[in-house]
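# predicted model follows, preceded by the sequence.
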Number of protein chains: 2
Amino acid sequence: MASQPHDTSRHDNTLAVIRTLREQGPVARVDLGILNGISSATVTSISAELLQQGLITELPPDMPRPSGRGRPKTLIQLAPEAACVICVKLSINELQLVVGDYSGQMQHSEHHGVATLALTPEDLVALLEEKIAEVRSLALASHRRLVGICLAVQGVVASHSGTLIWSPALSFRNAPLAPQLAERFGCPVLLENDANCIASVLATQPAYAGYPNLAVVMLGYGIGMSLLIDGVPFLGANGSAAEFGHSKYLPGGAPCACGKRGCVEAYASDYALYREAREVLELPAGDSAHPSEAQMQALTQLAMQGNPDAQRIFAEAGRALGYGMANLLALFNPDLVLVTGSGVRGYAAMQEAMQDAIDEALVSELIGPTRIVSCPWERDMTCLGGISITLQASDSPLLTGS
Amino acid sequence: MASQPHDTSRHDNTLAVIRTLREQGPVARVDLGILNGISSATVTSISAELLQQGLITELPPDMPRPSGRGRPKTLIQLAPEAACVICVKLSINELQLVVGDYSGQMQHSEHHGVATLALTPEDLVALLEEKIAEVRSLALASHRRLVGICLAVQGVVASHSGTLIWSPALSFRNAPLAPQLAERFGCPVLLENDANCIASVLATQPAYAGYPNLAVVMLGYGIGMSLLIDGVPFLGANGSAAEFGHSKYLPGGAPCACGKRGCVEAYASDYALYREAREVLELPAGDSAHPSEAQMQALTQLAMQGNPDAQRIFAEAGRALGYGMANLLALFNPDLVLVTGSGVRGYAAMQEAMQDAIDEALVSELIGPTRIVSCPWERDMTCLGGISITLQASDSPLLTGS
DNA sequence: TGGATTTAATTTAGACCCTAAAATAAATAT
DNA sequence: ATATTTATTTTAGGGTCTAAATTAAATCCA
């Protein structure tokens, strides 16, 4: 006589199956059972439902004849066309739009150069609506429905309310972007910090599995961070990501884009490195407050080639980064710190000074077993993360209602 | 035909009922249902089992005739004699032992002055075994069994392995205390950081409910911290608590007890305040590297009474604390920071400089809605927290096996 | 004083979910 | 061809929960 099942186990198990399929690709029922600690009888029952809803398909048992005896496995996979999501990455002077299918694969990607700092809030919303509408009609040609949109931005974000509090890409603050877009497109819109998107992707990679508490530091124009606690992004009181870049290296130190002084970002970000370098080195012309990738590569080259001024600048950046890391280690003691972002191009030139600074700042008992490693930067990672976060958020509603 | 129920809901609901009873005292079955979101039929079934196991008792419906119509509620409560735990607090020059009953109430408390810094590891274990054995025989006179022992210490602790990594109260490091005591007394022994104990108590207080992400900063001889994330203490990679005290204020700054320089603790702890003060002020004699409560009160008095030297010292401490807070807010963005510990006696003299430092360090977007408040310090709070943590850990085994 | 009313606790009946074991399916090995 | 092996489905049964019905124990009120 129970009306609503207060028992959530079926729901949880179904979500686990979907998540496994999205992470691992086609998997047989037996293996889904083993991977998720449920009996294969239950997997049969769950997959029958999903099949009936059109969310998964059975793979024809053609090619994969892996080995030996016994009845061959029937692999099941997510039906790519069952749904799609759109991820929009907003960064300085660039807008990227990506369509992901239900299995999490990237289906379409486009970049647009935009003078983001010149936009008014109205401009931005109009631009987003226009570009999203375009890719949406494109996506809906091959997918059953659009189940979510993700806005991935650098900066401080109140993800629960969908308000962009502050971004270095924009000259205004406190824009309630997500609700506006949600109303326009009639689907959930998530506003996410870019570092959280990256971290969500990295956390699923086998190389970084087994590190439940993971800090991902993003070097680039600014410096961002995401903290994963037991694999899920930690959002603080205002729903924003952790602002490693604005933790302090030196009270009263170098000026930072945030308006304060002595932030780690004021030493180790692209704009800080370039600002220091321009005073002593010959460097490509251009907007030196917002150095381009080419400008930054020129500077990094100099350091790699042994230019002492450039090396000194990167070493000082490394030292600031090291003191920031020391605080991160003292307060958090993560299992692993991953350094990535476009700024990793200069990581080699900063690493030694960074390590020295950490050793100078912290006794070994407090460094503990934490490892700090860098991770090559790929441009599309942010959007892949946004897609995966958005799909995951859509799974539960997709199962219950439509 | 299922052998072990892979469904944990009964177990979870039973634990929830026990936890509610421990937090709230006697509660009626209906209310247990409402508080935990389960039907009262289920509560009836759970409480029948617990009654049969002797873990709870029904309160005689004598006094409490609160109001009006209807069948009166039958309150049930935890049976205090069903079990007991012992919490041992180890701090500089003092050992406190407390016995808690199954309902979480303090049954017995004793303090011993001990020159902790002079102890060898063997001395310490022998002393702990002796004192614990005494209170154990006392406790077992009135309780059915001892289900756990908690060692609450200041310092860095690897709680999963039960190893005390480093404590200001001791002159040695890396002592595997918990396993040794567990073998001697034949029951689980938890090793906990004192700040985590405090935080666990404060988090259950109604005044601080509704702040899922809570940082508790403990001022005293050293400076400790506990971070509660969604109400549970966050333990980093090595199982240690967050070491706020050794986060950095000023690279190359004042020497700290940890051996490094510029830690927040090197400015705002008791020993740091007293060290600075002794150079310019007349203060009570004694071991100034480990100032007593009386010595610290004398110093605090001076600042409160307007002595400019003392005020300057507390202001500098407040500034260091403020920069530490700024990093905490940037990295964590907790909902609430509680400042407590014996060192809160001087909080009033530090607060203004602390707030100024935070405003100097962080833009308001990053301070967000976080509130920082102090909380009066009570000597027994640590052990109350240890008792509650230990009882909670014992609940699950108590239900399954014996 | 005695029924009506109210509220608490227990009992009952049924739905859902899961699992182990049995049955079935579909291969390979000999 | 038959035995063996492995995957999937079916079957049977246990556990847990809830809504509804029932029972219990008060107060209200005439």
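Looks like it arrived, so ask away. The structure presented is a predicted model; accordingly, all values stated were derived computationally and were not measured. Numbering: from 1, shown residues only, chains lettered A, B, ... in the order given.
# the stretch 151-300 of chain A: helices as residue ranges?
For the stretch 151-300 of chain A, helices defined by DSSP state H, counting those that start in this stretch occupy the ranges A:177-185, A:194-204, A:265-268, A:270-280, A:293-304.
# the ones you listed: which one's closest to residue B:123?
When those are compared by Cβ to Cβ, helix A:194-204 sits nearest residue B:123, at 45.4 Å. C-beta here means a position set from N, CA and C on the backbone, and glycine is covered the same way.
# and the closest one, what's its mean pLDDT?
What helix A:194-204 shows for mean pLDDT is 94.
# mind showing which ranges of chain A have poor pLDDT?
Scanning chain A with the threshold set as pLDDT under 70 gives A:1-6, A:62-67, A:241, A:402.
# middle-most residue in it, spatially?
Closest to where the C-alpha atoms of chain A average out (Cα atoms, centre = their mean) is residue A:197, at 1.7 Å.
# now it: closest residue in space that isn't a chain neighbour?
In this structure, residue A:197 finds its nearest non-sequential neighbour in residue A:385, 3.1 Å apart by Cβ to Cβ, 6 or more residues apart in numbering or on different chains.
# the one you found and residue A:203 touch, don't they?
No. The pair residue A:385 / residue A:203 is not scored as a contact, 9.4 Å apart, by Cβ atoms under 8 Å.
# if we can go back for a sec, between the helices of the stretch 151-300 of chain A, which gets nearest to DNA strand C?
Nearest of the helices of the stretch 151-300 of chain A to DNA strand C, taken as Cβ to the nearest atom of the strand: helix A:194-204 at 23.1 Å.
# so which elements touch the closest one?
Helices and strands touching helix A:194-204, by 3 or more Cβ pairs under 8 Å, 6 or more residues apart in numbering or on different chains; DSSP states H and E, are strand A:84-91, strand A:146-153, strand A:214-219, strand A:223-229, strand A:232-233, strand A:336-340, helix A:381-400.
# and of the ones you listed, who's closest to DNA strand D?
helix A:381-400 (17.2 Å).
# how far off centre is the closest one?
12 Å (Cα atoms, centre = their mean, to the nearest Å).
# do the same with stretch A:109-116
18 Å.
# please work out which of the helices of the stretch 151-300 of chain A is packed deepest.
The highest average neighbour count among the helices of the stretch 151-300 of chain A, using mean count of other Cβ atoms under 10 Å in any protein chain shown, belongs to helix A:265-268 at a mean of 27.
# and that one, does that touch chain B?
No. Applying Cβ under 8 Å from any Cβ of the partner chain, one finds helix A:265-268 out of contact with chain B, separated by at least 10.4 Å.
# pull up the residues of the stretch 201-350 of chain A that are close to chain B.
Applying Cβ under 8 Å from any Cβ, one finds that the stretch 201-350 of chain A approaches chain B through A:213, A:225, A:227, A:229, A:234, A:236-238, A:240, A:242-244, A:246-251, A:258-260, A:262, A:323, A:326-328, A:330-335.
# in the stretch 201-350 of chain A, which residue sits closest to DNA strand C?
Closest residue of the stretch 201-350 of chain A to DNA strand C, Cβ to the nearest atom of the strand: residue A:231 (21.5 Å).
# how close does that residue sit to chain B?
Using Cβ to the nearest Cβ, to the nearest Å, one gets 13 Å for the distance from residue A:231 to chain B.
# pretty sure that residue is touching residue A:209, no?
No. The pair residue A:231 / residue A:209 is not scored as a contact, 9.0 Å apart, by Cβ under 8 Å.
# any idea which helix is longest in chain A?
The longest helix of chain A (DSSP state H) is helix A:308-332.
# for the closest residue to residue A:192 other than its chain neighbours, list the residues it contacts.
In space, and not counting its chain neighbours, residue A:192 is closest to residue A:152: 5.2 Å by Cβ to Cβ, 6+ apart. With contacts taken as Cβ atoms under 8 Å, 6 or more residues apart in numbering or on different chains, residue A:152 has the following neighbours: A:87, A:88, A:89, A:90, A:192, A:193, A:194, A:197, A:382, A:383, A:385, A:386.
# looks like the second one contacts residue A:95 (just checking).
Yes. Contact between residue A:88 and residue A:95 holds when scored by Cβ under 8 Å: they sit 6.8 Å apart.
# intersection of neighbour lists for these two?
With Cβ under 8 Å, 6+ apart, residue A:88 and residue A:95 have common neighbours residue A:131.
# more neighbours, the two?
residue A:88 (22 against 19; other Cβ atoms under 10 Å in any protein chain shown).
# which residue packs closest to the residue of the stretch 301-402 of chain A found nearest chain B, ignoring adjacent ones?
Nearest to chain B, among the residues of the stretch 301-402 of chain A, is residue A:333, at 2.5 Å (Cβ to the nearest Cβ). Nearest residue to residue A:333, sequence neighbours excluded (Cβ to Cβ, 6+ apart): residue B:236, at 2.5 Å.
# run a quick neighbour tally on that neighbour.
Neighbours of residue B:236 under the rule other Cβ under 10 Å: 23.
# for residue A:219, which non-adjacent residue is closest in space?
residue A:343 (2.6 Å).
# likewise residue A:302?
residue A:310 (3.9 Å).
# which residues touch the closest residue to residue A:182 other than its chain neighbours?
Once flanking residues are discounted, residue A:182 sits nearest to residue A:189: 4.2 Å by Cβ to Cβ, 6+ apart. Shown in contact with residue A:189 (Cβ under 8 Å, 6+ apart): A:148, A:149, A:150, A:151, A:162, A:177, A:178, A:179, A:181, A:182.
# the second one contacts residue A:85, doesn't it?
Yes. Under the criterion of Cβ under 8 Å, residue A:149 lies in contact with residue A:85, with a separation of 6.8 Å.
# okay, and the common contacts of the two?
residue A:390.
# so for the two, which residue has more residues nearby?
A direct count of neighbours by other Cβ under 10 Å for residue A:149 and residue A:85 places residue A:85 higher, at 29 against 26.
# and what about the residue of the stretch 1-150 of chain A found nearest DNA strand D, helix, strand or coil?
Residue of the stretch 1-150 of chain A nearest DNA strand D, by Cβ to the nearest atom of the strand: residue A:70 (2.1 Å). The three-state label given to residue A:70 by DSSP: H, G, I helix; E, B strand; the rest coil is coil.
# perfect, that will be all.
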